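Undergrad: one predicted model, sequence on top.
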Amino acid sequence: MKKAFTLFELIVVLIIMGILATIATEILLKVYKNYAITRATNSLIYKTDLILNTLAAKLTERIPNSVIATECNATTNGCKDGNITGFISISDLNETNAYKYPVIEWLSKDIYSKRGEWNNTEKRVIPGWAGFVDLKKTKINNPNGGDYNISIPYSDMNITADILSAYFKSWGFNLNTSNLYDVFNKQYATLIFSGPDGRGDFIDINESYGWYGTPAKNVYQIEPITNNFIRVKEINQSNQATVYEGFYICKGAMAIVPIYNKKTDDFNLTLKENYFPWKDQNYTDANSSLLATHVTEFKFKEQNGLLRLYLCIQDPNIKTGNTNLTVCKERIIF
């Protein structure tokens, strides 16, 4: 005789199976949620590292004394539109005033032509500019006007001009192809002496480099005379010109600008490059590229010559508790 399930037993089995299915579903949902959070966290960590590495590579090329923090209102897109209300040297930032200065700007050394190019005849790499001055051979034309013929041994201004011209042409700048030194004539590239501490000749942040319409007193126009001699003249004359034993060739300014995204209540970080403060330009005249999206915090400060960056990025699609998943990282740049 065959024994069958009673209706009661069948109901009990179905209830038990339903309970087990519910538990299994909750476990699977929790596992999937943890997997999604882990995956999103790893993605944010990678993204944050990548952005900080990019910023570190750009800021390593900075002339240290040229770095400023710019005052503007990021949440109303005043920073995006260039509504600048002030600026200070980054070394003057502190805990009480840092929130007012969300934009960082700096002058960028030209590392491409400094590295130079290969010479088949001499079988070696010849640098475009070596970065030091022979003070004994330097001649004064007009010290009150900042006018000197300076000796720059082991430099080749033809190489410097050639590489710089190729760089600016790649960005769409209009240069006279028949004039090798047009990049200097148009003041796209300029010279800044290293100063007494090697950080860039510095009188005062308001007048040294031409930030925001202030006459630049320590930025020089370059006129090549020979490969090893150049004439440098201050773009804006003063009686404070000094020739130091070192110099930089500068190929313009760069900035990192936060742009507010009202929809997600966070910021996009934009890199601005190739603008020239000594020509009364600011970062609204620059080439732009998007660095990062969904940035919740971007801070910077200088301590003992070291630059510290702090960056937080969120994933607006994943919650941890009542807040979006966010990863923060810090980077120190020498």
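TA: Here it is on my side, so go on. A quick note: this is a predicted structure, and the numbers were derived from the prediction, not measured.
Undergrad: what's the burial count for Lys58?
TA: By the measure other C-beta atoms under 10 Å, the count of residues near Lys58 is 17. The C-beta positions use only the backbone N, C-alpha and C, and glycine is treated the same way.
Undergrad: my read: it touches Leu271, true?
TA: Yes: Lys58 is within contact range of Leu271, at 7.2 Å (criterion: C-beta atoms under 8 Å).
Undergrad: can you map out the helices along the stretch 1-150 of the chain?
TA: Along the stretch 1-150 of the chain, the segments classed as helices by DSSP state H, counting those that start in this stretch run 7-59, 78-81, 111-115.
Undergrad: tabulate those (a markdown table), appending mean pLDDT and distance to Glu330.
TA: Converted to a markdown table, the helices of the stretch 1-150 of the chain look like this (pLDDT from 0 to 100; distance: least, C-beta to C-beta, whole Å):
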| stretch | mean pLDDT | distance to Glu330 |
| --- | --- | --- |
| helix 7-59 | 79 | 8 |
| helix 78-81 | 93 | 22 |
| helix 111-115 | 92 | 25 |
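Undergrad: can you redo these as a markdown table with distance to Asn94?
TA: Below are those laid out as a markdown table (distance: least, C-beta to C-beta, whole Å):
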| stretch | distance to Asn94 |
| --- | --- |
| helix 7-59 | 20 |
| helix 78-81 | 20 |
| helix 111-115 | 31 |
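Undergrad: out of those helices, flag the one nearest Val327.
TA: With C-beta to C-beta as the measure, helix 7-59 is the member of the helices of the stretch 1-150 of the chain nearest Val327 (3.9 Å).
Undergrad: which intervals of the stretch 201-334 of the chain have sub-threshold pLDDT?
TA: Scanning the stretch 201-334 of the chain for pLDDT under 70 picks out the ranges 239-240.
Undergrad: output stretch 263-278 in CSV with nothing but the alpha carbons.
TA: Extracted in CSV, the C-alpha atoms of stretch 263-278 (Å, rounded to 0.1, in the frame of the first residue of the first chain):
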residue,chain,number,x,y,z
LYS,A,263,22.3,67.1,-10.3
THR,A,264,24.7,64.9,-8.3
ASP,A,265,25.8,67.6,-5.8
ASP,A,266,29.5,67.0,-6.4
PHE,A,267,32.2,68.4,-8.7
ASN,A,268,34.1,67.7,-11.9
LEU,A,269,37.8,68.5,-11.8
THR,A,270,39.0,70.2,-15.0
LEU,A,271,42.7,70.6,-16.0
LYS,A,272,43.4,73.9,-17.6
GLU,A,273,46.7,74.3,-19.5
ASN,A,274,48.5,76.6,-22.0
TYR,A,275,47.6,80.1,-20.8
PHE,A,276,50.0,83.0,-20.1
PRO,A,277,49.5,85.3,-17.1
TRP,A,278,52.3,87.6,-18.3
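Undergrad: quick one: buried residues of it?
TA: 266-278 (16 or more other C-beta atoms under 10 Å).
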